[in-house]
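Participant: after the sequence you'll find the predicted model.
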Amino acid sequence: MNKLTFATTLALPLTLWSGAALAECGALTIASMNWQSAEVLASLDQFILNEGYGCDAQVIIADTVPAITSLVEKGEPEIIPEGWVGLMPELFRKGMDEGSIVAVGKSLSDGGVQGWFMPKFVQDRYPEIRTVADVLEHPELFPGTGEEGVGAIHTGPQGWGGTVITTQLAKGFKAEEHGFELVDTGSAAGHDGSIARAYERGEGWIGYYWAPTSLLGKYQMVKVDFGVPLDQAEWDRCTAVADCADPKPNNWPADEVLTLVAKDFSEKTDPAVMEYLSKRGWSNQTVNALMAWMTDNQATGEDGALRFLETHPEIWTGWVSAEAAERIKDAL
């Protein structure tokens with residue numbers, strides 16, 4: 001397992017509090033994954049916790065697999081705002097069963113969407129291609145970077161839970177025997193870039209993707225039907241396990257996207273912090289619109305967090321106490 005790298009961003013400054021002293025929150029780290037929705041949510045939590053509750057929250061850069069592993073085994077980072085727990089079901093259950101982590105609320109109120117996607121124009125041109133089995137019959141329509149006629153399934157970079165599952169599903173569906181190779185896109189930017197290039201060239205693309213994202217608002221992509229029912233036992237046994245040698249064809253389950261917190265931190269911090277985290281959650285529609293703005297304006301996660309706080313007080317004031325809301329508004 002790759003070691004979690006703590007590349008800490010500059011913390012937003014704490015305000016000088018007036019009036020009654022705040023309850024103890026303490027120092028903590030918040031995991032920011034390398035995709036937009038997770039970046040903006042980590043920055044949003046940092047701002048609200050620091051400015052509204054007097055925390056000393058730092059944002060660290062992480063990926064799904066090492067971050068959840070570190071949370072379960074070491075109790076840090078203390079908060080994972082956007083935990084796609086279906087990507088690592090055994091590890092998530094282990095942490096819950098052992099009492100090392102707590103799941104305090106849904107990051108995405110209507111859940112996340114993951115799976116294999118392809119451009120809508122491919123399906124428009126070839127309406128008979130609906131399932132993974134259909135895709136695998138046509139490697140020539142989904143070209144890779146190598147030899148002509150060899151198709152490519154884009155897994156995403158190492159460290160993504162979706163990369164593990166896509167790799168296992170490709171094995172289960174015997175993609176290699178059908179003339180497909182797996183392509184590691186190297187980074188989140190490389191993954192998005194591979195889709196953009198396919199669109200610019202009018203070429204097919206097949207691989208792992210998810211919602212909410214601004215990219216799916218820009219490029220019309222359709223989720224490919226796996227053509228088999230979900231076998232949850234098989235998912236837990238092998239589909240989501242990187243070193244399982246004999247994966248079978250399977251479907252992708254519906255995703256819960258949860259806020260995960262270290263148990264020790266949850267018991268020591270100000271209860272108001274945990275109340276905020278349990279209430280904080282937004283819809284795919286809200287996040288997609290915010291990420292579209294971020295993409296159009298080349299905005300960072302911090303920029304997006306401030307944009308959301310400034311434009312949607314009707315949402316976030318319902319997450320926080322009245323006193324914290326006033327402090328946050330003053331900080332803005």
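Facilitator: Sure thing, it's come through.
Participant: next secondary structure after the lowest-mean-pLDDT helix or strand in the chain?
Facilitator: When each helix and strand of the chain is scored by mean pLDDT, DSSP states H and E, helix 215-218 comes last, with a mean of 80. As assigned by DSSP states H and E, the chain's next helix or strand after helix 215-218 is strand 221-223.
Participant: give the contact list for residue 250.
Facilitator: When contacts are counted by CB atoms under 8 Å, 6 or more residues apart in numbering, residue 250 touches 169, 172, 226, 228, 230-231, 234-235, 239. All C-beta atoms are positioned from the backbone trio N, CA, C, and that covers glycine.
Participant: mind checking the SS state of it?
Facilitator: What DSSP: H, G, I helix; E, B strand; the rest coil gives for residue 250 is coil.
Participant: and it, how far from residue 209?
Facilitator: Using CB to CB, to the nearest Å, residue 250 is found at 18 Å from residue 209.
Participant: low-confidence ranges in this structure?
Facilitator: Along the chain, the model assigns pLDDT under 70 to residues 1-23.
Participant: domain boundaries for it, per the record?
Facilitator: According to automatic domain parsing, the chain comprises the domains 27-111+255-331, 113-239.
Participant: tabulate those domains (CSV), appending distance to residue 245 and mean neighbour count.
Facilitator: Converted to CSV, those look like this (distance: least, CB to CB, whole Å; neighbours: other CB atoms under 10 Å):
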stretch, distance to residue 245, mean neighbour count
domain 27-111+255-331, 16, 20
domain 113-239, 8, 18
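Participant: spatially, what comes nearest to residue 304 if we skip its sequence neighbours?
Facilitator: Nearest non-adjacent residue to residue 304, counting by CB to CB, 6 or more residues apart in numbering: residue 40, 3.8 Å away.
Participant: ok, that neighbour - contacts?
Facilitator: With contact set as CB under 8 Å, 6+ apart, residue 40 has these partners: 287, 290-291, 294, 301, 304-305, 308.
Participant: looking at these, which one is closest to residue 44?
Facilitator: Among the contacts of residue 40, residue 305 lies closest to residue 44 (CB to CB), at 4.1 Å.
Participant: circling back: any chance of the domains of the chain in a markdown table, with distance to residue 246 too?
Facilitator: Shown next, in a markdown table, are the domains of the chain (distance: least, CB to CB, whole Å):
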| stretch | distance to residue 246 |
| --- | --- |
| domain 27-111+255-331 | 17 |
| domain 113-239 | 7 |
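Participant: ok, back up a step: now the residue nearest to residue 304, what's its secondary structure?
Facilitator: helix.
Participant: doesn't residue 60 belong to a strand?
Facilitator: Yes - the assignment for residue 60 (three-state DSSP) places it in a strand.
Participant: now it, which residues is it bridged with?
Facilitator: Residue 60 has these beta-bridge partners by DSSP bridges: residue 31.
Participant: swap in residue 80?
Facilitator: residue 260.
Participant: doesn't residue 31 make contact with it?
Facilitator: Yes - applying CB atoms under 8 Å as the test, residue 80 and residue 31 come out as touching, 4.6 Å apart.
Participant: hey, what's in contact with both of those two?
Facilitator: Both residue 80 and residue 31 are contacted by 67, 71, under the criterion CB under 8 Å, 6+ apart.
Participant: surely residue 220 meets residue 120?
Facilitator: Yes - using CB under 8 Å, residue 220 is in contact with residue 120, at 4.0 Å.
Participant: now render the contacts of residue 40 as JSON lines, adding secondary structure and distance to residue 178.
Facilitator: Listed next are the contacts of residue 40 as JSON lines, based on DSSP: H, G, I helix; E, B strand; the rest coil; distance: CB to CB, whole Å:
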{"residue": "287", "secondary structure": "helix", "distance to residue 178": "35"}
{"residue": "290", "secondary structure": "helix", "distance to residue 178": "39"}
{"residue": "291", "secondary structure": "helix", "distance to residue 178": "34"}
{"residue": "294", "secondary structure": "helix", "distance to residue 178": "38"}
{"residue": "301", "secondary structure": "helix", "distance to residue 178": "39"}
{"residue": "304", "secondary structure": "helix", "distance to residue 178": "40"}
{"residue": "305", "secondary structure": "helix", "distance to residue 178": "44"}
{"residue": "308", "secondary structure": "helix", "distance to residue 178": "44"}
